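Chemist: okay, here's the prediction I keep looking at, along with the sequence it came from:
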Amino acid sequence: MLIAHTIAELREALASHRHPAFVPTMGNLHEGHIALVRQARPLGDATVASIFVNRLQFLPHEDFDSYPRTWEADCAALRAAGCDVLFAPREADLYPEPQTFKVHPDPALADMLEGHFRPGFFVGVSTVVMKLFACVLGASGGTAVFGKKDYQQLMVIRHMVRQFALPVQIVAGETSRAPDGLALSSRNGYLSPEERQEAVALSQALRQLAQAWSSATSPAPALEAQAMQALQVRGWQPDYLTVRRRSDLAAPTAHDGPGNLVALGAARLGSTRLIDNHEF
């Protein structure tokens, strides 16, 4: 595996490749990331991963400085998965001057849910992804693989690619889960042993919300409120549990039924904020 730290090194490494397959990450890799790399391998003539902890998507009170950096383990995992090129820029390489030009996604999509509770998050995500696409995929384009666990992020990136007519095919990877159903996440490492046992309750709550919505025993807002309350009594601090359309994350109408919906949730357990979703 070739490791490129600068944009010039990356472009030299990819000069002979016409259709890279790209998996962007912030490092601290787990099996979910590695599954995306394996998924990407047959989709291009070079498999590229990036590791970059993007300051632009962290709010001032969030964990940018303490976000786990596990360089040696990440490199070993990527090599074992068959990654060809790792792009690991320093902050000064990717942002050699203040990033005053930024990508502002449609507020109708980006200012709800995660964007409501983390203002500016999707501006930071969209800006760094646009820049990484320019570095890795260039003018000729390629394929990029994003996991469904970050469901709203996947939607924002898909819309960005379509609206800017980028020559990039976005492929979704299914959420990787532990045997008990907990969605794999870099932030799971923050959980205490007791919290780790409890953490699966979020995915269970989303499945129960989907089942209740499908049976339509109560109005949707009441079902969502009940799901939130059920987590609160277990000691969680939920931000949202809600049912939305998969296509645009808008609230479903009477014409929307199971088959094109997704239940999404975000909640804090102790000091750790977890997100998950369940398509139905």
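Modeler: Ah, there it is. Worth saying up front: this structure is predicted, and the values here are computed from it rather than measured. Numbering: from 1, shown residues only.
Chemist: now residue 161. Nearest residue, chain neighbours left out?
Modeler: With C-beta to C-beta, 6 or more residues apart in numbering as the criterion, residue 161 has its nearest non-adjacent residue at 5.2 Å, and that residue is residue 168. Every C-beta, even on glycine, is put in place using the N, C-alpha and C of the backbone.
Chemist: so the one you found sits right up against residue 145, yeah?
Modeler: No. Using C-beta atoms under 8 Å, residue 168 is not in contact with residue 145, being 10.8 Å away.
Chemist: more neighbours, those two?
Modeler: Per other C-beta atoms under 10 Å, whichever of residue 168 and residue 145 has more neighbours is residue 145, with 24 against 21.
Chemist: that one belongs to a strand, doesn't it?
Modeler: Yes. According to DSSP: H, G, I helix; E, B strand; the rest coil, residue 145 belongs to a strand.
Chemist: now stretch 163-182: average pLDDT?
Modeler: The average pLDDT within stretch 163-182 is 98.
Chemist: wait, what's in contact with the residue nearest the centre of the chain?
Modeler: In the chain, the centroid-proximal residue (C-alpha atoms, centre = their mean) is residue 150; its distance is 3.3 Å. Applying C-beta atoms under 8 Å, 6 or more residues apart in numbering to residue 150 gives the contacts residue 275.
Chemist: run a quick neighbour tally on the residue nearest to residue 214 when sequence neighbours are not counted.
Modeler: Nearest non-adjacent residue to residue 214, counting by C-beta to C-beta, 6+ apart: residue 258, 5.0 Å away. Look at residue 258: counted by other C-beta under 10 Å, it has 13 neighbours.
Chemist: for the chain, which spans come out with low pLDDT?
Modeler: Scanning the chain for pLDDT under 70 picks out the ranges 217.
Chemist: ranges for the helices of it?
Modeler: In the chain, the helices defined using DSSP state H lie at 7-13, 31-40, 71-81, 91-94, 107-110, 114-117, 121-136, 151-163, 193-198, 201-215, 220-232.
Chemist: what comes into contact with the first one?
Modeler: Residues outside helix 7-13 that contact it (C-beta under 8 Å, 6+ apart) are 2, 4, 85, 87, 89, 93, 94, 135, 136, 138.
Chemist: can you get me a residue count around the first one?
Modeler: Just to be clear, that refers to residue 2. Neighbours of residue 2 (other C-beta under 10 Å): 15.
Chemist: residues touching it, list them.
Modeler: 13, 84, 85, 86.
Chemist: who's in contact with the last one?
Modeler: It stands for residue 86. Residue 86 neighbours (C-beta under 8 Å, 6+ apart): 1, 2, 3, 4, 48, 49, 50, 51, 75, 78.
Chemist: now do 6 Å
Modeler: Contacts for residue 86 (C-beta atoms under 6 Å, 6 or more residues apart in numbering) come out as 1, 3, 49, 78.
Chemist: can you list the helices of the chain in a markdown table and add distance to residue 273?
Modeler: Shown next, in a markdown table, are those (distance: least, C-beta to C-beta, whole Å):
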| stretch | distance to residue 273 |
| --- | --- |
| helix 7-13 | 32 |
| helix 31-40 | 17 |
| helix 71-81 | 22 |
| helix 91-94 | 24 |
| helix 107-110 | 18 |
| helix 114-117 | 9 |
| helix 121-136 | 12 |
| helix 151-163 | 14 |
| helix 193-198 | 12 |
| helix 201-215 | 10 |
| helix 220-232 | 13 |
